[in-house]
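In: quick one, structure for this:
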Amino acid sequence: SLMLVVAAVGFVAISSARAEEGSELEISGNVDVVSGWQRGLKNANFASEGLLGDGLAASAAGKGTDVFGFVVDQVEMDLAKSFGENIRIRADLDFTPAGPGKAGILGGNGDFLVEQAYTTANIPAGNGIELLVGRFNSGIGLDPVDRNELKTISHNMVHRTLLPHNLTGARLGYDFNDQVRWEIFIVNNLGDVIGANSDMPSLGTNVSYAWGDEGNKSWIKFSAAAGPERATKKGWTFLGDLSGNFAATEALTIAAEGTYRQDDQAVANAQFFGGDLQGTYAFSDVWDGTLRYSYIWDLDFGQVGSAFGSGIVTNDVVGIPGLFYAGQNHELSLATGYQITEGARFGLEGRLDLANASAA
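Out: Down below sits the predicted model:
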């Protein structure tokens with residue numbers, strides 16, 4: 001089991017600069033700084049999880065070992081520009097400086113990630129078809145990719161381990177009305193990594209339905225993806241995810257997610273069931289609290305170190321997850337946040353992780 005306490009301060013600054021007559025270059029971004037303490041209560045097998053469980057710092061091995069540090073988790077700069085009414089480009093650039101505990105994840109160096117970089121074109125058909133080409137957020141699952149958009153500090157266990165975050169390829173999106181949106185995409189692969197994978201692309205779709213008043217909306221989304229992720233074309237990955245966010249009252253929001261993932265490998269299949277349930281209550285206009293429970297059932301713990309890679313990098317899932325025992329994996333988080341001012345938020349989170357292994 002693992003327990004950690006974390007605190008973070010992040011801000012979002014938005015500005016615009018005149019690029020040429022009749023158009024503007026939009027510049028936005030965020031800075032996330034995290035300080036945390038972590039203790040391995042029972043064993044040393046969470047070293048790959050690290051502080052916050054998503055690559056912020058490598059954990060020392062050994063029962064009762066403490067890890068403490070300050071980490072500049074991310075500096076993000078987002079650039080966007082429109083050309084007329086139908087063409088738009090966007091680039092989200094993420095910088096992660098080296099820091100305490102980073103050497104185990106980043107080899108002692110800072111990291112740079114092009115989170116998104118794409119061009120969109122609006123095709124005048126029906127309500128308008130959006131064609132996107134480039135690298136983009138997958139849109140799969142409950143949690144957003146960027147930490148500053150979370151009510152907690154850490155991403156949930158399903159997001160960190162089972163879901164692709166960014167994809168490279170092409171996507172078509174169509175809004176049937178203000179409530180229903182459908183997306184289909186064709187991408188290199190669901191790990192968004194070139195090499196050690198099939199030369200055939202993977203396919204996926206997102207279907208979402210939203211309702212409610214502005215500022216208090218509810219939504220439900222179904223995502224599915226599949227593709228030949230092994231170089232031999234004999235190994236396929238299958239992924240299905242159903243998530244929703246429900247505004248029960250003006251103050252209470254309940255969110256839930258269920259996921260199934262299967263990665264076919266040379267020796268055996270790796271199968272995972274995952275789920276997440278969380279409730280967020282707004283105590284006032286500036287204070288809120290969130291209680292979250294995440295769960296993953298790893299049926300057979302696929303071969304770590306296979307062609308799918310190690311399973312985790314700083315911001316992306318790369319191939320088959322390799323962080324869990326075969327067995328039941330649980331995570332319980334309690335978090336609170338304070339909105340210092342518009343665009344700046346302070347947060348606290350305590351989290352307990354528990355793995356009940358069914359195999360060595």
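In: just the strands in the stretch 151-300 of the chain please.
Out: 166-175, 180-187, 202-211, 218-228, 236-247, 252-264, 269-282, 287-298 (DSSP state E, counting those that start in this stretch).
In: let me have these in CSV, extended by distance to residue 132 and mean neighbour count.
Out: (Each C-beta comes from the backbone N, C-alpha and C, glycine too.) Below are the strands of the stretch 151-300 of the chain laid out as CSV (distance: least, Cβ to Cβ, whole Å; neighbours: other Cβ atoms under 10 Å):
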stretch, distance to residue 132, mean neighbour count
strand 166-175, 4, 19
strand 180-187, 8, 17
strand 202-211, 12, 18
strand 218-228, 16, 19
strand 236-247, 20, 19
strand 252-264, 24, 19
strand 269-282, 27, 19
strand 287-298, 30, 20
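In: format the ones you listed as JSON lines; extra columns: distance to residue 119 and mean pLDDT.
Out: Formatted as JSON lines, those follow (distance: least, Cβ to Cβ, whole Å; pLDDT from 0 to 100):
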{"stretch": "strand 166-175", "distance to residue 119": "10", "mean pLDDT": "94"}
{"stretch": "strand 180-187", "distance to residue 119": "15", "mean pLDDT": "96"}
{"stretch": "strand 202-211", "distance to residue 119": "19", "mean pLDDT": "96"}
{"stretch": "strand 218-228", "distance to residue 119": "22", "mean pLDDT": "95"}
{"stretch": "strand 236-247", "distance to residue 119": "26", "mean pLDDT": "94"}
{"stretch": "strand 252-264", "distance to residue 119": "30", "mean pLDDT": "92"}
{"stretch": "strand 269-282", "distance to residue 119": "33", "mean pLDDT": "90"}
{"stretch": "strand 287-298", "distance to residue 119": "35", "mean pLDDT": "93"}
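In: tell me which of those lies nearest to residue 27.
Out: Within the strands of the stretch 151-300 of the chain, the stretch nearest residue 27 is strand 166-175; the backing value is 20.7 Å (Cβ to Cβ).
In: may I have the strands that pair with the closest one, each with its orientation?
Out: Strand pairing for strand 166-175, using DSSP bridges, gives strand 129-137 (antiparallel), strand 180-187 (antiparallel).
In: what's in contact with it?
Out: 115-116, 126-138, 145, 181-188, 190, 192, 201, 204, 315-316 (Cβ atoms under 8 Å, 6 or more residues apart in numbering).
In: which residues touch residue 331?
Out: 53, 156-157, 292-295, 351-354.
In: from residue 79, how far off is the most centrally placed residue in the chain?
Out: By Cα atoms, centre = their mean, the chain has its centre lying nearest to residue 145, at 3.9 Å. To residue 79, residue 145 is 17 Å away according to Cβ to Cβ, to the nearest Å.
In: equivalent analysis for residue 69, please.
Out: Distance, residue 69 to residue 79, using Cβ to Cβ: 31 Å.
In: ok, which of the strands paired with strand 166-175 comes nearest residue 26?
Out: Per Cβ to Cβ, nearest to residue 26 of the strands paired with strand 166-175: strand 129-137, 16.9 Å.
In: need the contact partners of that closest one.
Out: So strand 129-137 is contacted by 114-123, 144-145, 165-174, 192 (Cβ under 8 Å, 6+ apart).
In: quick check: buried residues in that strand?
Out: By 16 or more other Cβ atoms under 10 Å, the buried positions in strand 129-137 come out as 130, 132, 134-137.
In: export the residues you listed to a markdown table and tack on pLDDT and distance to residue 74?
Out: Listed next are those as a markdown table, based on pLDDT from 0 to 100; distance: Cβ to Cβ, whole Å:
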| residue | pLDDT | distance to residue 74 |
| --- | --- | --- |
| 130 | 95 | 27 |
| 132 | 96 | 23 |
| 134 | 95 | 20 |
| 135 | 93 | 17 |
| 136 | 95 | 18 |
| 137 | 94 | 14 |
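In: biggest separation within the residues you listed, which pair?
Out: Farthest pair in the buried residues of strand 129-137 (Cβ to Cβ) is 130 and 135. Separation: 15.8 Å.
In: any idea how many residues pack against residue 215?
Out: By the measure other Cβ atoms under 10 Å, the count of residues near residue 215 is 7.
In: what distance do you get for it to residue 247?
Out: 9 Å.
In: what do you get for residue 80?
Out: Computed as Cβ to Cβ, the residue 80 to residue 247 distance reads 28 Å.
In: for residue 152, same thing?
Out: 18 Å.
In: residue 260 too?
Out: 27 Å.
In: same thing with residue 184?
Out: Applying Cβ to Cβ, the value for residue 184 to residue 247 is 28 Å.
In: do residue 216 as well
Out: In this view, residue 216 and residue 247 are 5 Å apart by Cβ to Cβ.
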